[in-house]
Every structure is written in structure tokens, then in C-alpha cells.
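Chemist: Take this sequence and fold it.
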Amino acid sequence: MTSKELCRLVNITEANLSVLRSGRAKGVRFGTINKICYYLQCDVGDILKFDGNLEEESGNEE
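Modeler: Residues are numbered from 1 along each chain as shown. Next up is the predicted model:
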């Protein structure tokens, strides 16, 4: 499946898919992840990975 076809099926832009693929996304909707996994016939762990780093949200001081 091409990325263009996946974008059409999931209803996201190619630019947004590029951000997700590059790891630069700050967030993603569960519904989007669900659709991506459905159309790619994969599990969430196949497309997401934890890099071991804790990223603090900006503006939060404890």
C-alpha cells in the first residue's frame, strides 16, 4: 500500500503522515492509530516505539 492510499483511507494529510513517520509528532489521536493499524493489518507495537526518554511538557513546573 502506498502512503498516499493510506492517507486517503485514514483521512489524514500526507504531511501529517510524514510527521508521524519521522517521530516529530507531539501527539496522535487513538482513532488515527486504530485506523492505521486496521488498514496496515498490524499491532500498535509494530508502528510505535518508546525511545526511553521522558519528554516534559513545556510550561509545566513542579
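Chemist: From here on, just use CA atoms for contacts and neighbour counts.
Modeler: Fine.
Chemist: Next SSE downstream of the lengthiest helix in the chain?
Modeler: For the chain, the longest helix by residue count, based on DSSP state H, is helix 30-40. Using DSSP states H and E, the helix or strand that follows helix 30-40 in sequence is helix 44-47.
Chemist: Mind giving me the packing neighbours of that next one?
Modeler: When contacts are defined as 3 or more Cα pairs under 8 Å, 6 or more residues apart in numbering; DSSP states H and E, helix 44-47 sits against helix 30-40.
Chemist: what does the helix it packs on rub up against?
Modeler: 6, 9-10, 43-44 (Cα atoms under 8 Å, 6 or more residues apart in numbering).
Chemist: Put the buried members of these into a PyMOL selection.
Modeler: Of these, the buried ones go into a single PyMOL selection, burial set by 16 or more other Cα atoms under 10 Å:
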select buried, resi 6+10
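Chemist: Per-residue confidence, the residue nearest in space to the middle of the chain, what does it come out as?
Modeler: Residue closest to the average C-alpha location in the chain (Cα atoms, centre = their mean): residue 20, at 4.3 Å. You'll see residue 20 listed with a pLDDT of 93.
Chemist: Nothing else from me, thank you.
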